[in-house]
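Novice: Starting from these lines, generate the structure:
(2 chains)
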Amino acid sequence: MTAAQVIRSEWTKIRSVASTVWTLGLAAVVTIALGALISLLLKNQWSDLSRNDRLSFDPTYTSFAGMSLGQLAMIVFGVLVVSNEYSTGMIRTSLAAVPRRGMFLAGKLTVAAGLAFAVGVVTSFTAFFVGQAMLGDHSTSIGDTGVLRAVIGGAIYMTLIALFSMGVATMLRSPMLSLGILMPFFFLISNILGAVSATKKVGRYLPDQAGSKIMQVVTPVDNDTPYGPWGGLAIMVGWVAVALLGGYLVLRERDA
Amino acid sequence: MIELEGLTKRYGEKVAVNHLTFTVRPGIVTGFLGPNGAGKSTTMRMMLGLDRPTAGDVRIDGQHYHQLKDPIKDIGALLDAKAMHGGRSAFNHLLCLAQSNGIPSSRVHEVLDTVGLTAVARKKAKGFSLGMGQRLGIAGALLGDPRILMFDEPVNGLDPEGIHWIRNLMKSLAAQGRTVFVSSHLMSEMALTADHLVVIGQGRLLADTSMADFIAQNSRSYVRIRSPHRERLLDVLHDAGITVVEAGGEALEVDGDKAERIGELAAQHQLVLHELSPQQASLEEAFMQLTAESVEYHAHSDTPVPADSPVGVWGDGWKEGRS
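Specialist: Numbers count the residues shown, from 1 in each chain, chains lettered A, B, ... in the order given. Below is the predicted model of the structure:
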C-alpha cells in the first residue's frame, strides 16, 4: 500500500459522486455572483457613503463579499466528502481496503483539499476580476500592493474552510450533526459575535473571521485587530489543525 | 488461514464476543453459524481490523490485518450489501477499491463479468436490488483474487438462481484451495455448502466440528408410537429391553430404527397401535437445541420441549472432533 494508491483511489471516489460537482459548483457560482452584485451596488451607492467608509473602502475585499455565503457550500462539500463514507456504510469497505487509518484520512484530505484549492483559485480570481469590473472607477488592480496576496488568500481561505469541515465531520461522522453545527456557526454565531462590541474581541479569533483577514488589502480606519493578514491566516490554520487532529484521533480509536 | 485466539469484544458491561478461539482452514468452506445477535458480524469486523478487540488476537496467515500490504489481495470480504455509496456506479465503486490496493482496472471488468453485473456496470448502486447489491459486494470480495474469502450472510436477498450460484461459487473457491468463511443463521443453508461448522451463541463458542460429524451426531432417527394401551405397551417394551422416552402428549419415542420390532411385539401382545412412524430429526432442530440457551431474543411459544434433547447426544461428539 502506497500513498499514491490511496490518493488515486480517493480521487476516483470524489469524482464519481454528484455531490462533489454541485457543492463545489455552488461554492464558485455563489461567491462570484454575490461578490459581483455587492460590488455593483457599492458603486451605485458610492455617493451615499460616509467619509470614513470611503477611506476604509477595500475594492478587493468587496469583490469577495460573496464568500460569506459561498463558504457554506464549501462546508457542505467538506462534510459530505467525509460523512458520505459513514452514512452509506462505505467506511467499512474503505477501511478494510486501507486499514492504516492515518493514511486513509491523509489521502482523503489531500485529494479534497487539492480539489477545493483548484476550485478556490478559479473562484477567487474570477470573483476578483468580475468584482473589479463592476466597481468601475473605484476598482483596484491585481498588481497593487497586497492584492495578489489577497486573491490567492481567498483560494486558501476556501480550502481551509473545507478542511475544517472535514475535520469536524470526521469527529462527528453524521452529516446532519456536522452541518447542523457548522452552518449556523459560520453563518450566524460568528457574525453575531463579531458584530456585538462586547464579544468582538472573542469573535475575531474564530476561524472564519481571523482567516478572512487574508483577503483584506485596505486596513479599516478604526482598526484595532491585533493581527495582520498572515497572523489571521495562522489563527485559522490553528483551528483547522485542531479539527483535523481531533478527527484523526476519533478515526484511529473508534470502531468503524 | 484465519486464527482467532481468545478473541473478546465488550461494549461496557455487555460481552458481544466471549473468548473465541478457533481456526479457519484453507481448502474447505467453513460455516459460521449462530442466531441473530450471537456476535457473528462483530467477530467478522474484528477479523478485518474494523473493530478493535477488547482482548485476544486475530491473525490472517500469521499476520495482523493492518500489517497486510495490500489487504484485499489477501482477504476479500462481503460484509453487508449496503457497505457502498449509492451514488457511485458499480464500476467506480470497484475501481476505487482496486486502486487503493494497486489492482489493475482490467480486473474490475473481470469480476463484474464473474458476478454477472457487466450490463449495469455504469449504473448507480442505489438503483440496485438487494440481490444485485449482494453481487456487487461479492465482486468486491473477489477483486484482489485473495486466498481467503469471508462472506457475511451472502444469500440474503438472493433469488433461488442467485443462491445456487453463490453456493457453487463458494465450493469452487474452496476447491481451488482457498479459505472460505461464511456466516449464516440458517442451518439448512450451511448443510448444503459448509464442510466445517463453527457455531456461536451469545458470543461463546458452542461447537467447532466437521459438517459430517454434525450430521452423523444429529440426524437422530427414532420411532414415534401412539397407542390406547400406553401403559401395557411401556411394560412390553421395557421387558424386551427397549428404552422408551415419553414425548409430548400421549406419544412415546424409541431411539433408532426399531419400527418393525415394536410392531411385532405389539402384535404378539395384541396391543392396538394408532401410530408407528419412523422419524428423522432435522439439522435445523439440532441447531436450535444447541443454541436455545443462548438465543438473545426469544419468541415465546407454548410448544413443549421434547423430553429427550439431542444436546447431550452430540455435545460429546464435537468435543472429540475439536482435538
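
Novice: Need phi/psi at the residue of the stretch 201-323 of chain B found nearest chain A.
Specialist: Using CB to the nearest CB, the single residue of the stretch 201-323 of chain B nearest to chain A is residue B:203, 15.6 Å away. Backbone N, C-alpha and C define where each C-beta goes, glycine included. The phi/psi pair for residue B:203 (degrees, to the nearest 10) reads phi 80, psi -10.

Novice: ok, residue A:160 to chain B distance?
Specialist: Counting by CB to the nearest CB, to the nearest Å, the gap from residue A:160 to chain B is 26 Å.

Novice: quick one: the helices in chain A?
Specialist: In chain A, the helices defined using DSSP state H lie at A:3-15, A:18-44, A:51-56, A:59-63, A:67-88, A:90-97, A:101-135, A:147-172, A:175-184, A:190-195, A:200-203, A:207-211, A:229-253.

Novice: Am I right that the residue of the stretch 201-323 of chain B closest to chain A is in contact with residue B:20?
Specialist: Yes. Taking contacts as CB atoms under 8 Å, residue B:203 lies within contact range of residue B:20: 7.4 Å.

Novice: what's near enough to touch residue A:162?
Specialist: A:74-75, A:77-78, A:81, A:112-113, A:116 (CB atoms under 8 Å, 6 or more residues apart in numbering or on different chains).

Novice: In the stretch 101-250 of chain B, which residue sits closest to chain A?
Specialist: residue B:102 (5.1 Å).

Novice: For that residue, list the residues it contacts.
Specialist: By CB under 8 Å, 6+ apart, the neighbours of residue B:102 are A:1-2, A:5, B:70.

Novice: next one: residue A:21
Specialist: By CB under 8 Å, 6+ apart, the contact set of residue A:21 is empty.

Novice: Chain A contacts on chain B?
Specialist: With CB under 8 Å from any CB of the partner chain as the criterion, chain B comes near chain A at residues B:45, B:48-52, B:65-66, B:68-72, B:77, B:79-80, B:82-89, B:92, B:95-97, B:99-102, B:140.

Novice: and residue 51, what pLDDT?
Specialist: No chain specified, so I'll use chain A. Looking at residue A:51, its pLDDT stands at 87.

Novice: you looked at the wrong chain, it should be chain B
Specialist: With respect to pLDDT, residue B:51 has a value of 95.

Novice: And what about it, helix, strand or coil?
Specialist: In three-state terms, and counting by DSSP: H, G, I helix; E, B strand; the rest coil, residue B:51 is coil.

Novice: Surely it is in contact with residue B:7?
Specialist: No. Between residue B:51 and residue B:7 there is no contact under CB under 8 Å: 10.4 Å.

Novice: So which of those two has more stuff around it?
Specialist: Using other CB atoms under 10 Å in any protein chain shown, the more surrounded residue of residue B:51 and residue B:7 is residue B:7, with 25 against 21.

Novice: Which helix or strand contains the more buried one?
Specialist: strand B:2-11 (DSSP states H and E).

Novice: Burial check on the nearest residue to residue A:214 once chain neighbours are set aside, number of neighbours?
Specialist: Nearest in space to residue A:214, with sequence neighbours left out and distances taken as CB to CB, 6 or more residues apart in numbering or on different chains, is residue A:153 at 3.3 Å. The local packing of residue A:153 (other CB under 10 Å) involves 26 other residues.

Novice: Pretty sure residue A:153 sits against residue A:233.
Specialist: Yes. Look at residue A:153 against residue A:233 with CB under 8 Å: they come within range, at 6.8 Å.

Novice: which residues are common contacts for those two?
Specialist: With CB under 8 Å, 6+ apart, residue A:153 and residue A:233 have common neighbours residue A:214.

Novice: what ranges do the strands span in the stretch 151-300 of chain B?
Specialist: B:179-184, B:196-201, B:204-210, B:221-226, B:245-246, B:252-255, B:275-280 (DSSP state E, counting those that start in this stretch).

Novice: want to try JSON lines for those, with mean neighbour count and mean pLDDT as columns?
Specialist: Converted to JSON lines, those look like this (neighbours: other CB atoms under 10 Å in any protein chain shown; pLDDT from 0 to 100):
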{"stretch": "strand B:179-184", "mean neighbour count": "24", "mean pLDDT": "95"}
{"stretch": "strand B:196-201", "mean neighbour count": "25", "mean pLDDT": "94"}
{"stretch": "strand B:204-210", "mean neighbour count": "20", "mean pLDDT": "93"}
{"stretch": "strand B:221-226", "mean neighbour count": "20", "mean pLDDT": "89"}
{"stretch": "strand B:245-246", "mean neighbour count": "14", "mean pLDDT": "86"}
{"stretch": "strand B:252-255", "mean neighbour count": "19", "mean pLDDT": "89"}
{"stretch": "strand B:275-280", "mean neighbour count": "13", "mean pLDDT": "87"}
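
Novice: Near chain B, which residues of the stretch 151-256 of chain A are found?
Specialist: Neighbours of chain B within the stretch 151-256 of chain A, by CB under 8 Å from any CB: A:255-256.

Novice: At which residues are the helices of the stretch 101-250 of chain B located?
Specialist: Applying DSSP state H, counting those that start in this stretch to the stretch 101-250 of chain B gives helices spanning B:106-114, B:130-142, B:160-175, B:187-193, B:211-218, B:230-239.

Novice: on that earlier part again, give the buried residues for the helix or strand immediately after the strand holding residue B:7 in the chain.
Specialist: The C-terminal neighbour of strand B:2-11 among helices and strands, as given by DSSP H and E, is strand B:14-24. Neighbour counts over strand B:14-24 (16 or more other CB atoms under 10 Å in any protein chain shown) mark B:15-18, B:20, B:22, B:24 as buried.

Novice: As a quick check, tell me the outermost residue of chain A.
Specialist: Distance from the C-alpha centroid of chain A peaks at residue A:47, with 32.6 Å (CA atoms, centre = their mean).

Novice: so what pLDDT did it get?
Specialist: 89.

Novice: cool, residue B:291 as well?
Specialist: Looking at residue B:291, its pLDDT stands at 80.

Novice: correct me, but it touches residue B:201?
Specialist: Yes. Using CB under 8 Å, residue B:291 is in contact with residue B:201, at 4.3 Å.

Novice: any residues in contact with both of these two?
Specialist: B:34-35, B:38.

Novice: residues in contact with residue A:201?
Specialist: By CB under 8 Å, 6+ apart, no residues touch residue A:201.

Novice: Return the distance of it relative to residue B:162.
Specialist: To residue B:162, residue A:201 is 65 Å away according to CB to CB, to the nearest Å.

Novice: Ok, residue B:222 next?
Specialist: In this view, residue B:222 and residue B:162 are 37 Å apart by CB to CB.

Novice: And residue A:103, by the same measure?
Specialist: Counting by CB to CB, the separation of residue A:103 from residue B:162 is 36 Å.

Novice: for the closest residue to residue A:91 other than its chain neighbours, what are its contacts?
Specialist: Leaving out its chain neighbours, the residue that sits closest to residue A:91 by CB to CB, 6+ apart is residue A:85, at 4.1 Å. By CB under 8 Å, 6+ apart, the contact set of residue A:85 is A:91, A:94, B:85.
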